[in-house]
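Participant: Have a look at this prediction, sequence included:
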Amino acid sequence: QVQLVESGGGLVQAGGSLRLSCAASGRTFSYHTVGWFRQAPGKEREFVAAHGWTSGSTRYADSVKGRFTIARDNTKNTVYLQMNSLKPEDTAVYYCAASLSLSDYDRRYEYWGQGTQVTVSS
């Protein structure tokens, strides 16, 4: 069992930065991929980034490549999403999720946090 809690969301102007955190509990967390997804009003949930349990395995959506960076610290059971050069279209509720496989498919993720709101003003 893995429990996830997101934090770090907020309101930022376009071009600004935010860092989201996903704090996890559970004995097997370090063996899970952790992914970030987002859902804007009226839109389907979409994949943002994922970090496998090995240090070199990451995956990004094309829309955030070069702007967002995912990192994890297994000693702190925390995964971070550094978001730079934010755009209004990045506005959404951001969720972290855990899976036993590195995937951008949300149905592969078994555990989900409650979400944190990110709003980017123009």
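Facilitator: Here it is on my side, so go on.

Participant: Give me the nearest residue to the residue nearest the centre of the chain, chain neighbours excluded.
Facilitator: When CA atoms, centre = their mean is applied to the chain, the residue found nearest the centroid is Trp36 (2.4 Å). What sits nearest to Trp36 in space, not counting adjacent residues and going by CB to CB, 6 or more residues apart in numbering, is Val48, at 4.2 Å. Where C-beta positions appear, they are placed from N, C-alpha and C, glycine not excepted.

Participant: what's the neighbour count on the one you found?
Facilitator: A count of nearby residues for Val48, using other CB atoms under 10 Å, gives 25.

Participant: Tell me the strands beside the helix or strand that it is a member of, with direction?
Facilitator: Element membership for Val48, per DSSP states H and E: strand 46-51. The strands beside strand 46-51 in its sheet (DSSP bridges) come out as strand 33-39 (antiparallel), strand 58-60 (antiparallel).

Participant: Tabulate the ones you listed (JSON lines), appending mean pLDDT and distance to Asp73.
Facilitator: Listed next are these as JSON lines, based on pLDDT from 0 to 100; distance: least, CB to CB, whole Å:
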{"stretch": "strand 33-39", "mean pLDDT": "96", "distance to Asp73": "11"}
{"stretch": "strand 58-60", "mean pLDDT": "95", "distance to Asp73": "14"}
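
Participant: looking at the ones you listed, which is buried most?
Facilitator: strand 33-39 (a mean of 24; mean count of other CB atoms under 10 Å).

Participant: what does that strand rub up against?
Facilitator: If you take CB atoms under 8 Å, 6 or more residues apart in numbering as the criterion, strand 33-39 is touched by 4, 20, 22, 24, 45-53, 57, 70, 72, 79, 81, 90, 92-104, 106, 109, 115, 118.

Participant: What ranges does the chain have for its strands?
Facilitator: 3-7, 10-13, 18-25, 33-39, 46-51, 58-60, 68-73, 78-83, 92-99, 111-112, 116-121 (DSSP state E).

Participant: Nice, that's everything, thank you.
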